[in-house]
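> Whatever this is, show me its structure:
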Amino acid sequence: MRARHRRDADPRSRCTRPTRPVAELLVDEDYRQQALYDAVERLRDADADASASTAFSRPQKYGGLALLLVIVVLIGFFPIPTLATLIGIATVGYVVTLIDRLVIFRRGLVNGAIAVSDEQARALSDDDLPPYTVLVPAYGEPEVVGDLIKAVESIEYPRDKLQVLLLLEEDDEPTIRAARAMEDEGGVVTVVLTPPAQPRTKPKACNYGLHFATGDIVTIFDAEDKPDPLQLRRAVWVFRTIGDDSVVCVQGKLSFHNATDNLLTRWFTADYGIWFGFLLPGMMVSRAPIPLGGTSNHFLRDVLDDIGAWDPFNVTEDADLGVRIADSGYRTAVLDSVTLEEANVDAINWVRQRSRWYKGYMQTWLVHMRHPIALWHILGPVAWARFTFLIAGTPLIACMNMVFWLILIMWIAGQPPVVAHLFWGPIYYLSLISLIFGNGSALYMNLMAIREDDRSELVISALLVPAYWVLMSIAAIKGMWQILFNPSYWEKTVHGLASGGAETGPASGTGAAGPETGGGA
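Modelled structure (predicted):
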């Protein structure tokens, strides 16, 4: 099989399983320093082109600068034809991406995620279950440690086969104090202190924690998550019964416990609903690369080691790893099991988080397009194109939205002749399709996701979603600026801002880990 051939030859392959008791390794300074070096440098040492430590490769940098210079010169000499051509290319990109997104959405609507009933999950014998490790990276979050302990205690999995590692930075004293108190009290969580080192990112912490992980399957939960108690058993069921040995990762769904806090959380919930409920299952059926969510993804441990684990320099390490799984010839399955987390209630905090996602999507595209022909041969032409439309197209279209909105405002305000010259012939009609059909389709997908998930309380907010697209565009512009000047900076999302009430949501509710549903120009 293609995947196994790639794995056998892959220089990134390295075993991180602990060979001594974890309690002993946690105080072994030599082991900790080696684990830290490995967490930061492993992927870059093995294959520098697979790491986002350098945002742009030399060909990408010089090629991009040359293209920019050509465009500037052409605008100087032929301003209207050049700008009209750029608008034409962008408009075609809008329409093609829209059509592809609708195809994926329909496939997800028809097929859905893999459902595992409670009875099927509980039918697995405790003696037959594999050892499982849950990684929980956290930084500066003492207020959510208590919630973490409650969430872990709710997981239905044999305690002698469940390892929970709370990954904290060594200098995060408030969270360490809170975690130590809970560790002594509950005994279900082991605190792992990561020595301070750059980059200060979640993937670096996960890579470090992998050196203390004893499970055959490894998953990630954020500290504030409230996972489905049977999610681990459901993931084991999928691995054992799906009948496809190329599936090495199972992605659960995400939704929010505070969906109705304000208008922003309602938009965010519908956005996640489209992403996890329809687009990810549609990509699974299409065998396209699946950019993972930042939590509730379950990996076969040996394969995770083989492909180099997480890139500590990529600020959406989850999306990057999902693409690398596909790049290595493997597949991801989407599981109908929900983890509830906290939706951002603050617009500024939301923009910080979303701009990081956009930046990370572009990082991921740049990394995997360093060898575009090789990627074409691995993925095939359709999956290769979908990878580009989704991973690069998402942030770029969100940025272009602002440009086209400003052009539309100019036209409405005074109908300047220059605008008419820019939208020539067929491009005018394609733009009209993008404006009417594109935005209508985005509204349709929002309403369909709300209907399928029985979330009638979100209908009014769905009709106001164009205002959410404006926030998306602001976040995308910020993210694209940062990828030029501060590519590996991790903008932390502040948690604990939500209201106290916890909305449970539907048992099969959906969520999204990506900024994928903004409207077109």
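
> From here on, just use CA atoms for contacts and neighbour counts.
Noted.

> what about the helix or strand where Q363 lies, distance to the chain center?
According to DSSP states H and E, Q363 maps onto helix 347-368. Offset of helix 347-368 from its chain centre (Cα atoms, centre = their mean, to the nearest Å): 9 Å.

> just stretch 71-79 next, same as before
Centroid displacement of stretch 71-79 relative to its chain, using Cα atoms, centre = their mean, is 38 Å.

> got it, and stretch 104-123?
With Cα atoms, centre = their mean, you get 20 Å for stretch 104-123.

> pLDDT on it, on average?
Stretch 104-123 comes out with an average pLDDT of 94.

> For it, which outside residues touch it?
230, 233-234, 237-238, 277-283, 285-286, 333-337, 445 (Cα atoms under 8 Å, 6 or more residues apart in numbering).

> Inside helices: which ones of those?
If you go by DSSP state H, those have 233-234, 237-238, 280-283, 285-286, 445 in helices.

> among the residues you listed, who's most crowded?
Highest neighbour count within these: L280, with 32 neighbours (other Cα atoms under 10 Å).

> show me the contacts for that residue.
Contacts of L280 by Cα under 8 Å, 6+ apart are 108, 290, 334.

> pretty sure the last one contacts V250?
Yes: applying Cα atoms under 8 Å as the test, V334 and V250 come out as touching, 5.7 Å apart.

> immediately after the worst-scoring helix or strand of the chain on mean pLDDT, which helix or strand?
Lowest by mean pLDDT, DSSP states H and E among the helices and strands of the chain is helix 2-9, with a mean of 41. Remark: after helix 2-9, the chain's next helix or strand is helix 22-25, criterion DSSP H and E.

> Output that following helix in CSV, but only the C-alpha positions, please.
Once non-C-alpha atoms are left out, helix 22-25 reads as follows in CSV (Å, rounded to 0.1, in the frame of the first residue of the first chain):
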residue,chain,number,x,y,z
VAL,A,22,6.6,7.8,33.6
ALA,A,23,7.0,9.0,37.2
GLU,A,24,10.7,8.3,36.8
LEU,A,25,11.0,10.0,33.5
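
> Not counting that helix itself, show me its contacts.
By Cα under 8 Å, 6+ apart, helix 22-25 touches 18, 31-32, 212.

> For those residues, which two are the farthest from each other?
Largest separation among these by Cα to Cα: P18 and R32, giving 11.4 Å.

> now Q353: how far from D271?
14 Å (Cα to Cα, to the nearest Å).

> was I right about S328 contacting I307?
Yes: shown here, S328 and I307 form a contact pair, counting by Cα under 8 Å, at 7.2 Å.

> sorry, back to before: and which of the ones in helices among the contacts of stretch 104-123 is nearest to T201?
L280 (25.2 Å).

> Could you check how far that closest one is from D336?
In terms of Cα to Cα, L280 sits 11 Å off from D336.

> Average pLDDT for the helix or strand hosting A462, rounded please.
Taking DSSP H and E as the criterion, A462 maps to helix 459-463. Taken as a whole, helix 459-463 carries a mean pLDDT of 91.

> now stretch 219-238
On average, stretch 219-238 scores 94.

> again, but for stretch 466-473
Stretch 466-473 comes out at a mean pLDDT of 94.

> in it, what counts as buried?
466, 468-473 (16 or more other Cα atoms under 10 Å).

> Of all pairs in those, which one is the farthest apart?
Across the buried residues of stretch 466-473 (Cα to Cα), the longest gap, 10.7 Å, separates P466 and S473.

> quick one on the thing from earlier: between Q353 and D271, who's got more neighbours?
D271 (29 against 19).

> Distance check, the residue most central in space within the chain against G425.
Most central in the chain under Cα atoms, centre = their mean is G293, positioned 3.8 Å from the mean C-alpha point. In this view, G293 and G425 are 41 Å apart by Cα to Cα.

> Residue ranges in the stretch 151-300 of the chain under the pLDDT threshold?
183-187 (pLDDT under 70).

> Tell me which stretches of it form strands.
Counting by DSSP state E, counting those that start in this stretch, the stretch 151-300 of the chain has strands at residues 162-169, 190-194, 217-220, 226-227, 247-256, 297-300.

> got TSV for those strands, with distance to G112 too?
TSV is the format used below for these (distance: least, Cα to Cα, whole Å):
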stretch	distance to G112
strand 162-169	29
strand 190-194	36
strand 217-220	22
strand 226-227	20
strand 247-256	11
strand 297-300	17
